[in-house]
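Trainee: predicted model and sequence follow; I will ask about them next.
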Amino acid sequence: MSKIPSHISENLTENRTMKLNLRRLTCLLSILYISSGAEAKPLEADANVTGIDHISTHNYRLLNEMALFCQASYCKSLVPMSELKLGDKCFTSFCQKKENKDIEIAFISEPVAGTPGAGYIAVDHGRQWIIVVIRGSSSLEDWIADFAFVPIPWKPYAATKSGVEFKCKTCKVHKGFKGTSDLLEKRMCEASSTLHEEYPDYKFIVTGHSLGGAIATLIGADLKMMGMNPLVLSYAGPKVGNENTAVYIDNLFKNSAAIKKLDSGGDITQGDYIRVVHVGDLVPKVPPSEFFWHAGAEYFIDKYDLPHPPSSLVFKGKYKYLPLISDIDNIIRGNFPFAAHNEYFHVVNKCNA
């Protein structure tokens, strides 16, 4: 197998930073709630209003397994070796399973200058999968504490490649996400292109948790435009861009057809873009504005605590805007669970969970 250059470093973040930033957000939201005089409903009251309460065994197992690949991305010991396998440096029970420990780690990218963007690419030769995994940030500082929700024109990495046509002058993306993802986007796309040339019949899956879910969306769109037809699975991802960007991505992934298929009990397949959202998780509602919008088909976990069995998943389909005010009642009553953002079938942000 041809070698791909790797860039490795430690991205040390502290849970207390995350809690401080979320407390700042909570204070601001409380002020908004009190000043509005609005009567907010408990988040759980709306959990099943529009959902379809079925999910195939295939879909549940896939969503569950890819959350574990996201969990592995948080292993700080995941470093390059001459012949690195998933089980060499990731010691979760998932990584140590016989069928997983020999999965090849083809590429690892480090964050640069304190940015949260990092990830790895795994090659599962048994199932002929190439899995692009983007790690989130445990501090969330870049895009919650500073409220730097500034929209800028979307310029996908794929648009720099010959033969790729991108026409959306009105597409905007979040400046913070795009700023942290540019170099990672380039690295992952170049590595993916090399692997695609080497394994043209392998199927691509792009996944990520938290900020990694947002960056996975952008990288997934790149790979789609570059002809690799990835399946994109985003967990706990914030909103990436404006409604025009969401419409462009939905059209790119043929989301209307995917929603009809999944709504009728069909399986998740290549070329789909799926978002997974957990009840009580505030991050998917950030940035807190109708200007920013989600693409993709949504599965909703309507159970707070682990475990998350198939019965806890609701298929909601197309994104429906809900203001942050709808979550305030839970926050003010002290029910805002910091764990909700990190619990997606597993404690995703802990390598040793």
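Mentor: Alright, I've got the coordinates.

Trainee: pLDDT-wise, which helix or strand of this protein ranks last?
Mentor: In the chain, no helix or strand scores lower on mean pLDDT, DSSP states H and E than helix 15-36, which sits at a mean of 43.

Trainee: mind listing the helices for this structure?
Mentor: For the chain, the helices defined by DSSP state H occupy 15-36, 57-72, 86-89, 175-198, 211-225, 243-252, 255-263, 328-332.

Trainee: mean pLDDT lowest where, among these?
Mentor: Sorting these by mean pLDDT places helix 15-36 lowest, at a mean of 43.

Trainee: just how off-centre is stretch 170-183 within its chain?
Mentor: 15 Å (C-alpha atoms, centre = their mean, to the nearest Å).

Trainee: what of stretch 157-164?
Mentor: 23 Å.

Trainee: can you tell me the average pLDDT over that stretch?
Mentor: Rounded mean pLDDT across stretch 157-164 is 85.

Trainee: tell me the confidence at Ile325?
Mentor: pLDDT, Ile325: 65.

Trainee: check Tyr321 too.
Mentor: For Tyr321, pLDDT reads 79.

Trainee: then Gly280?
Mentor: pLDDT at Gly280 comes out at 86.

Trainee: how about the contacts made by the residue lying closest to it once chain neighbours are set aside?
Mentor: Sequence neighbours aside, Ala340 is the residue nearest to Gly280 in space, at 3.5 Å (criterion: C-beta to C-beta, 6 or more residues apart in numbering). Using the backbone N, CA and C atoms, a C-beta is placed for each residue, glycine as well. Residues counted as contacts of Ala340 (C-beta atoms under 8 Å, 6 or more residues apart in numbering) are His278, Val279, Gly280, Asp281, Leu282, Tyr304.

Trainee: those in strands, which ones?
Mentor: His278 (DSSP state E).

Trainee: identify the farthest-apart pair in the contacts of Ala340.
Mentor: Leu282 and Tyr304 (13.4 Å; C-beta to C-beta).

Trainee: okay, those two: which has more neighbours?
Mentor: Using other C-beta atoms under 10 Å, the more surrounded residue of Leu282 and Tyr304 is Leu282, with 24 against 19.

Trainee: is it true that that one touches Leu322?
Mentor: No - with contact taken as C-beta atoms under 8 Å, Leu282 and Leu322 are classed as non-touching, separated by 11.0 Å.

Trainee: any idea which residue is closest to the centre of this structure?
Mentor: Residue closest to the mean C-alpha point of the chain, counted by C-alpha atoms, centre = their mean, is Gly213 at 1.6 Å.

Trainee: mind checking how far it is from Pro309?
Mentor: Per C-beta to C-beta, to the nearest Å, Gly213 is found 22 Å from Pro309.

Trainee: and the residue nearest to the centre of the chain, what does it touch?
Mentor: Residues Ile134, Gly136, Thr207, Ser234, Tyr235, Ala236, Gly237, Pro238, Arg275 are the ones in contact with Gly213 under the rule C-beta under 8 Å, 6+ apart.
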